[in-house]
Structure formats: C-alpha cells, structure tokens
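Peer 1: quick one, fold the following:
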Amino acid sequence: METISCFIVEDDPQAFAYASSIIETYQHIKIVGTSNTIKEAAMLIKELKPNFIILDVFLIDGNAFEFLPLFDNIDFKIIFTTSYAKFAIDAFKFSALDYLLKPYEKKDLILAIDKVVSDLEKTNYQQQLSTLMHNISNKEQF
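Peer 2: This is a model prediction of the structure:
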C-alpha cells in the first residue's frame, strides 16, 4: 500500500498528542507536518500537499472556515475536530469526510481515518481506470 500523508492543524497540545498517537499506529500513514495557526498551516499544506488533514475548527488566529478559503483548490481530505457540534453543517459544506466532537474516542478517529483511506483508494482506482481508457483509445488510433 502506498504511504498516505497527514497534516494536523491543532492548537491544543493534548488533542494533538492524542491524534498523533492514534495515527502513528498506522504503518502506511505518515504525519508530514503540524501547525497551530491558520497562516502557517496554509503555507505548509500548500507546500507539503498532504492526502488528508485533521483540522481543529478553532485555532489561535482564527477558525477553519477562514482557513479553507485560503486554498484555490482543496485537494486533500478533511477530518474536522471541535468541541462545538453547531459547526458540523458548515464543515460538511467544505466536503468534510468526518466531523469529530471532542473529546472523541479512539475508535471514532480510526473510523474517520478508514474513511479517508477508502476514499483515497476509490480516487486512485478511478484515476487508474481513466488512464487505462485513455491509453486504450489512443492505441486504437495507430
């Protein structure tokens, strides 16, 4: 299996440590970066291009709904985390794969990560199928 990259945007050290400890149990997932601010996270995510992010809704310098518009194209999966249930609808408007209410249980993050993995596998399969069909149609032209 291909390595999957994750970026964690979290300003609570305990929440960060908890999420990290769960992700580190996956051999095929690597945490490529972390940040506790919107500006730094946006810059690093654009540079590192992770497959998915774990995004706390409220950060030191703003919230996730101010953060996401900083991207022209959101080409990563998002797992939102927050202590506030009222932001779930907004999160799903940004194509959230999951929305975890803090304090969440280990099994909840595992289920969310499994959704990410499954979704990435579907995307890869669709890209492979599209490439195959393109190659077949080009071959027929010769």
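
Peer 1: residues contacting residue 45?
Peer 2: Remark: with contacts taken as CB atoms under 8 Å, 6 or more residues apart in numbering, residue 45 is in contact with 7, 33, 53, 71, 76. Using the backbone N, CA and C atoms, a C-beta is placed for each residue, glycine as well.

Peer 1: let's see it at 6 Å
Peer 2: Contact partners of residue 45, counting by CB atoms under 6 Å, 6 or more residues apart in numbering, are residue 7.

Peer 1: per-residue pLDDT of it, please?
Peer 2: With respect to pLDDT, residue 45 scores 98.

Peer 1: hey, C-alpha coordinates of the strand or helix carrying it in PDB?
Peer 2: Assessed by DSSP states H and E, residue 45 sits inside helix 38-48. Once non-C-alpha atoms are left out, helix 38-48 reads as follows in PDB (Å, rounded to 0.1, in the frame of the first residue of the first chain):
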ATOM      1  CA  ILE A  38      -4.100  29.200  10.200                       C
ATOM      2  CA  LYS A  39      -1.400  31.100   8.300                       C
ATOM      3  CA  GLU A  40       1.400  28.700   9.000                       C
ATOM      4  CA  ALA A  41      -0.800  25.700   8.300                       C
ATOM      5  CA  ALA A  42      -2.000  27.100   4.900                       C
ATOM      6  CA  MET A  43       1.600  27.800   3.800                       C
ATOM      7  CA  LEU A  44       2.800  24.300   4.900                       C
ATOM      8  CA  ILE A  45      -0.100  22.400   3.500                       C
ATOM      9  CA  LYS A  46       0.300  24.100   0.100                       C
ATOM     10  CA  GLU A  47       4.000  23.100   0.200                       C
ATOM     11  CA  LEU A  48       3.700  19.600   1.600                       C
END
